[in-house]
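[1] using only what follows, build the 3D model:
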Amino acid sequence: MQKSLSSELPYILRTVSGERKEVRPGAPSEPNEYNFNFKRRGLFLLINNKNFTRETKQEPREGSDVDAERLEERFQDLGFDVRRFDDVTRGKMATLMYDAAAQDHSDADCFACAILSHGMEGYVYGTDGRVSLEVLTLPFKGERCPCLVGKPKLFFVQACGKSRLHHGGEVSDSQLSLLPPEEDVIEAAAQVNCRRIPVEADFLFSYSTVPGFFSWRNNQEGSWFIQALCIVLENYGTKMELLHMLTHVNRIVAYEFASCSDKEFTDNKKQMPCLVSMLTRYVHFRPKKQDIR
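    Numbers count the residues shown, from 1 in each chain. Purely as a prediction, here's the structure:
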């Protein structure tokens, strides 16, 4: 007896109208890449907090200006409209985010933001105190920013998670050869013509360190994480998919950097960046075609 179609196709999608549509696993749907054929690349908001009020008990972040200058150059090269703000209060940080979300992004590919500051798990510091990352990213979620719905919202955070130190571990050459190859960490979801998008969709957070750990910064060369990020963007920014690039950044920081200190407690320590992705497609910063009209 011939099997029914529904018994062979267990993957069911429901359209907004309530109709049921059966989709074979792996069947072609919408393109796997975000549409980056808009007129503009988009806004890159850069917040660089180096100096803090006495009440915060936070030391100046020497080397942060080097990070900011490198990021400006790299994201300008990728076609972003870079807007940099130095030594911003927590209230001004929130205002900048809400103002950015209120802009018209309808002709832009995406939105990106980098925050360079002191921090602790879930928080970053303005010059006068800490502010929640949830508060800063809230205006970009869901219907609060409709012109960015379905577009990537990219956040890069250079800040400590706390003060715990990574002691690292010894890895022999033979162990290294057994490490698994890099794998794509995004899967294209089956799509229907009209559907609601979760408010958390299309966000990416790239943190300089895993929660609860110290993030290292050199007074002359800048932070390890931003150094690695800028090196990778310079070499692969228009050639490699974003999550592949950030995996490369993770590897550089994890394997190529170690602290050098005259104090045993802080000498030869390591750092592991952290990547949290809610992206639903691949991100490619291919060069924009020139308008010859």
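[2] start to end distance for stretch 50-70?
    15 Å (CA to CA, to the nearest Å).
[3] give me the mean pLDDT for that stretch.
    For stretch 50-70, the mean per-residue pLDDT is 95.
[4] so Cys230, which of the three states?
    helix (DSSP: H, G, I helix; E, B strand; the rest coil).
[5] what score does it have for pLDDT?
    97.
[6] residue contacts, it?
    By CB atoms under 8 Å, 6 or more residues apart in numbering, the residues touching Cys230 are Arg70, Leu71, Glu73, Arg74. For every residue, glycine as well, the C-beta is placed using N, CA and C.
[7] quick one: the first one from Tyr98, how far?
    For Arg70, the distance to Tyr98 under the criterion CB to CB, to the nearest Å works out to 27 Å.
[8] who's more crowded, those two?
    Neighbour tally, Arg70 and Tyr98, criterion other CB atoms under 10 Å: the higher count belongs to Arg70, 20 against 16.
[9] nearest residue to Leu136 other than its sequence neighbours?
    Setting aside the residues directly before and after it, Leu136 is nearest to Met97 in space (CB to CB, 6 or more residues apart in numbering), at 4.9 Å.
[10] do Ala68 as well
    Asn48 (4.0 Å).
[11] burial measure for the one you found, as a count.
    22.
[12] show me what the helix or strand where Val66 lies is in contact with.
    In this assignment (DSSP states H and E), Val66 forms part of helix 64-77. Helix 64-77 has contacts (CB under 8 Å, 6+ apart) with 44, 46, 48-50, 82, 84, 86, 112, 114, 116, 156, 158, 217, 220-223, 226-227, 229-230, 233-234, 237.
[13] those in strands, which ones?
    44, 46, 48, 82, 84, 86, 112, 114, 116, 156, 158, 217, 222-223 (DSSP state E).
[14] turn these into CSV, including distance to Ala254.
    Shown next, in CSV, are those (distance: CB to CB, whole Å):
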residue, distance to Ala254
Phe44, 26
Leu46, 25
Asn48, 25
Val82, 28
Arg84, 28
Asp86, 30
Ala112, 23
Ala114, 20
Leu116, 20
Phe156, 17
Gln158, 16
Arg217, 16
Gly222, 18
Ser223, 14
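[15] still on that earlier bit, now the residue nearest to Leu136: how far from Leu46?
    Counting by CB to CB, the gap from Met97 to Leu46 is 12 Å.
[16] need the overlap of contacts for these two.
    With CB under 8 Å, 6+ apart as the test, Met97 and Leu46 both reach Cys113.
[17] what are the ranges of the helices in this protein?
    Applying DSSP state H to the chain gives helices spanning 5-8, 64-77, 90-102, 133-137, 173-177, 224-236, 242-256.
[18] Glu55 is nearest to which of the ones you listed?
    helix 90-102 (12.0 Å; CB to CB).
[19] and the angle from the closest one to strand 81-86?
    Counting by axes from the mean of the first three to the mean of the last three CA atoms, to 10 degrees, helix 90-102 lies at 170 degrees to strand 81-86.
[20] okay, how far is it across stretch 52-63, tip to tip?
    Using CA to CA, the two ends of stretch 52-63 sit 14 Å apart.
[21] ok now it, how far from the chain's centre?
    Distance of stretch 52-63 from its chain centroid, counting by CA atoms, centre = their mean, to the nearest Å, is 25 Å.
[22] again with stretch 115-126
    Taking CA atoms, centre = their mean, one finds the center of stretch 115-126 at 15 Å from the center of the full chain.
[23] least confident secondary structure element in this structure?
    In the chain, no helix or strand scores lower on mean pLDDT, DSSP states H and E than helix 173-177, which sits at a mean of 29.
[24] list only buried entries from the ones in strands among the contacts of helix 64-77.
    Using 16 or more other CB atoms under 10 Å as the burial test, the ones in strands among the contacts of helix 64-77 include Phe44, Leu46, Asn48, Val82, Ala112, Ala114, Leu116, Phe156, Gln158, Arg217, Gly222, Ser223 as buried.
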